[in-house]
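Student: Sequence and computational prediction follow.
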Amino acid sequence: MFRCISLSGLSLFVSLSLLGAAPSPTAAAPEAPSTPTPSPSATPELYSAQTVSDLQKLREAALTSDYAYRQAAHLSNNIGPRLSGSLQAQKAVDYVAGELKKLGLEVQLEKVMVPHWVRGNETAELVQWPGQAEKTTQKIVLTALGGSVATPARGLTAEVVTVHDFDELTSLGKEKVQGKIVLFDPPFDKEMAATGHGGDAYGQAVVYRDGGASAAARLGAVAALVRSAGGAAFRLPHTGAMHYASDALKIPTAAVTEEDSRLIAALTAQGPVRMRLVLTPQTLPDVRSSNVIGDLKGSEQPEEVVIVSGHLDSWDLGTGAIDDAAGVAVAMQTANLVRQLGLHPRRTIRVIAWMNEENGSRGGKGYAKDHAAEINHHFAAIETDLGADHPVGINYAGQLELQDFLQPIAKVLAKSGAGLLARRTDVGEDVSELTKQGVPSFSPIQDSRFYFDYHHTAADTFDKIDPRHLAETAAINAVLAYGLANLEQPLPRGMPGGGD
């Protein structure tokens, strides 16, 4: 996902909001983005009158087309969960490649070796707690975190200690943690998410998912649990990748539902609580997979590339509809609409369906490495990875002067309610390596109030996609990609700075 914290390629948080993405911890960002006043450097020669007319046609065509909706439906409903290394992930690669060929694009499958982690069984129950009725247990709803090691085959039973943050864990010391299961119980800030800052709320919570197991293991814990990093409290556990530090033993780790995390926290405050935990995931040998790349060749400067993209893999609990079949579908729609309208971009528009964003980001990293000699020919990169809720404009990562080049595009999109511009330090996980190398990068500004209710859960299913909102997002991608591909001047390049 476009985030501000990146650990081993995982989107630790996709810090986009209703009004834009939050910046990285190293730079401050505005509370609410606004469309800036053009500077004197902006000139009428940025886009020809014909290009502006074509952008208006693209916007209208996107808003009335169901192509992206049908593509998202097929990826979600027909193919289903697409965890890296799975048969479904390979099926999705073949499907998208075939669809792009139907559009007349030059299609390549670029090799990516991806992790192959398989979930297995996951059960937990409380076997001792204050006030317990004799010979009873209480079921705990949880799901293993991606990359977790397994418990012994028959599980493990240990006392649970609850902490709210890393400082509280440290204060307990090894004496109180050794041989126990540690539960991290930091809340997901729903009020923050309700104001449109879902990514910020996610970022505050998800650090425990990523580093909780190693922090607990350093003090001798036998397993670690984390309260789910998400907004909905319907006893849905939220999975996601975790990472083991090199200086700690690997211990099993899982995400517990909000309700069960609250339950355990309440009971451990009253007295000893013991849990039986069974997790049987496996990490199998890496599997060969692919980034799907489709080029709509430019008519005048084909060596210069404008990327429009989403990630093809997903977690395995749901069907990966909002994360990120929607992003792949709107990228495909860009090429479909340009073809449908008989338009001819000056620069090459490159549609990419990235592989392995969720648990390794090897697709994005591998692409940047494989194309290192061509980075200067990458004119721009667009990524969509925040679901399919209503978009209100464009995030951009790069030089401040980029806002001048976006003004005419924002004016076209303003007619469908998407004319805001926001400068960010990072707009997407898979294009982040390109961003770091100075490639101007972009993403839609999307409503994040509800995204983290379903993100990484069994509820990430196709019914969560609103066809109108998806069409609005497709309009941003098509107008932005084609506009940049036909820009009359080069874009300013360079590492993005802080927020405006």
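Tutor: Everything's here; your move. Numbering: from 1, shown residues only.
Student: OK, contacts around the closest residue to V141 other than its chain neighbours?
Tutor: Among residues not flanking V141 along the chain, T257 sits closest, at 4.7 Å (Cβ to Cβ, 6 or more residues apart in numbering). To be clear about C-beta, it is placed using only N, CA and C from the backbone, and glycine gets the same treatment. With contact taken as Cβ atoms under 8 Å, 6 or more residues apart in numbering, T257 is in contact with V141, L142, S228, A233, R235, L236, P237.
Student: From these, which land in strands?
Tutor: In strands, defined here by DSSP state E, the members of the contacts of T257 are L142.
Student: Closest to P252 out of the contacts of T257?
Tutor: Nearest to P252 among those, counting by Cβ to Cβ, is L142 at 10.7 Å.
Student: quick one: the residue nearest to V141 from A397, how far?
Tutor: Taking Cβ to Cβ, to the nearest Å as the measure, T257 falls 35 Å from A397.
Student: how would you label A97: helix, strand or coil?
Tutor: helix (DSSP: H, G, I helix; E, B strand; the rest coil).
Student: and it, how many neighbours?
Tutor: Using other Cβ atoms under 10 Å, A97 has 19 other residues around it.
Student: same check, this time on G173
Tutor: 11.
Student: Over to T136?
Tutor: Neighbours of T136 using other Cβ under 10 Å come to 10.
Student: What mean pLDDT does stretch 296-313 get?
Tutor: Averaging pLDDT along stretch 296-313 yields 98.
Student: Do a quick rundown of the helices in the stretch 1-150 of the chain.
Tutor: Using DSSP state H, counting those that start in this stretch, the helices of the stretch 1-150 of the chain run over 49-64, 67-73, 87-102.
Student: what's in contact with the last one?
Tutor: Read it as helix 87-102. 71, 74-75, 79-83, 107, 109, 114, 289-290, 292, 294, 312-313, 328, 332, 335, 351, 353, 355.
Student: Would you mind measuring from the spatially closest residue to L406 that is not a sequence neighbour to G131?
Tutor: Spatial nearest neighbour of L406, excluding adjacent residues (Cβ to Cβ, 6+ apart): L421 at 5.5 Å. The gap separating L421 from G131 is 57 Å, by Cβ to Cβ.
Student: quick one: which of the two has more around it?
Tutor: Ranked by neighbour count (other Cβ under 10 Å), L421 and G131 place L421 first, with 23 against 7.
Student: May I have the helix or strand that the more buried one is a member of as PDB, with CA atoms only?
Tutor: Of the helices and strands defined by DSSP states H and E, L421 is found in strand 420-423. Listed next in PDB are the C-alpha coordinates belonging to strand 420-423 (Å, rounded to 0.1, in the frame of the first residue of the first chain):
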ATOM      1  CA  LEU A 420      -7.900  18.300  -4.800                       C
ATOM      2  CA  LEU A 421      -4.100  18.000  -4.800                       C
ATOM      3  CA  ALA A 422      -1.900  16.900  -1.900                       C
ATOM      4  CA  ARG A 423       1.800  16.600  -1.700                       C
END
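Student: and it, which strands flank it?
Tutor: Here strand 420-423 is paired, per DSSP bridges, with strand 391-397 (parallel).
Student: what about the partner strand, average pLDDT?
Tutor: For strand 391-397, the per-residue pLDDT averages 97.
Student: contacting residues around that strand?
Tutor: Residues contacting strand 391-397 (Cβ under 8 Å, 6+ apart): 2, 16, 18-21, 33, 35, 402-403, 406, 409-410, 413, 417-427, 435, 440-447, 469, 472-473, 476, 480, 496.
Student: try 7 Å
Tutor: Here strand 391-397 makes contact (Cβ atoms under 7 Å, 6 or more residues apart in numbering) with 16, 18-21, 33, 402, 406, 410, 413, 417-427, 435, 440-446, 472-473, 476, 480, 496.
Student: Restricted to strands, list the residues you listed.
Tutor: Among the contacts of strand 391-397, the members falling in strands (DSSP E) are L420, L421, A422, R423, S441, F442, S443, P444, I445, Q446.
Student: for the residues you listed, which one is nearest K190?
Tutor: Q446 (18.3 Å).
Student: Pairing partners for R288 in the sheet, please.
Tutor: Counting by DSSP bridges, the residues bridging with R288 are M113.
Student: mind giving me the domain split of the chain?
Tutor: 6-116+285-485, 120-280 (automatic domain parsing).
Student: Deepest-packed of these, please.
Tutor: domain 6-116+285-485 (a mean of 22; mean count of other Cβ atoms under 10 Å).
Student: wouldn't V222 be in contact with G155 here?
Tutor: No: using Cβ atoms under 7 Å, V222 is not in contact with G155; the gap is 11.1 Å.
Student: and the host helix or strand of A224, C-alpha only, in PDB?
Tutor: A224 belongs to strand 223-227 when elements are defined using DSSP H and E. Extracted in PDB, the C-alpha atoms of strand 223-227 (Å, rounded to 0.1, in the frame of the first residue of the first chain):
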ATOM      1  CA  ALA A 223       3.900 -16.700  21.800                       C
ATOM      2  CA  ALA A 224       2.600 -13.200  21.000                       C
ATOM      3  CA  LEU A 225      -0.900 -12.000  20.200                       C
ATOM      4  CA  VAL A 226      -2.000  -8.500  19.000                       C
ATOM      5  CA  ARG A 227      -5.300  -6.800  19.000                       C
END
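Student: Neighbouring strands of that strand in the sheet, and parallel or not?
Tutor: strand 181-184 (parallel), strand 253-256 (parallel).
Student: do you know which of those lies nearest G320?
Tutor: strand 253-256 (17.4 Å).
Student: Now do the closest one: distance to the chain's middle.
Tutor: Put simply, strand 253-256 sits 20 Å off its chain's centre (Cα atoms, centre = their mean, to the nearest Å).
Student: What of stretch 190-205?
Tutor: For stretch 190-205, the distance to the chain centre is 15 Å (Cα atoms, centre = their mean).
Student: With stretch 413-420 instead?
Tutor: Worked out by Cα atoms, centre = their mean, stretch 413-420 lies 24 Å from the chain centre.
Student: got it, and stretch 432-448?
Tutor: Distance, centroid of stretch 432-448 to centroid of chain: 12 Å (Cα atoms, centre = their mean).
Student: Rounded mean pLDDT for that stretch, please.
Tutor: 97.
Student: That one: end-to-end distance?
Tutor: 20 Å (Cα to Cα, to the nearest Å).
Student: Over to stretch 239-248?
Tutor: Stretch 239-248: ends 22 Å apart by Cα to Cα.
Student: can you redo the ones in strands among the contacts of strand 391-397 as TSV with distance to Q50?
Tutor: Formatted as TSV, the ones in strands among the contacts of strand 391-397 follow (distance: Cβ to Cβ, whole Å):
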residue	distance to Q50
L420	26
L421	23
A422	29
R423	29
S441	26
F442	22
S443	27
P444	25
I445	27
Q446	30
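Student: circling back: as CSV, the strands paired with strand 223-227 with distance to M192 would be great.
Tutor: Below are these laid out as CSV (distance: least, Cβ to Cβ, whole Å):
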stretch, distance to M192
strand 181-184, 19
strand 253-256, 20
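Student: Next, format those strands as TSV and append mean pLDDT and distance to S53.
Tutor: Below are the strands paired with strand 223-227 laid out as TSV (pLDDT from 0 to 100; distance: least, Cβ to Cβ, whole Å):
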stretch	mean pLDDT	distance to S53
strand 181-184	98	55
strand 253-256	98	50
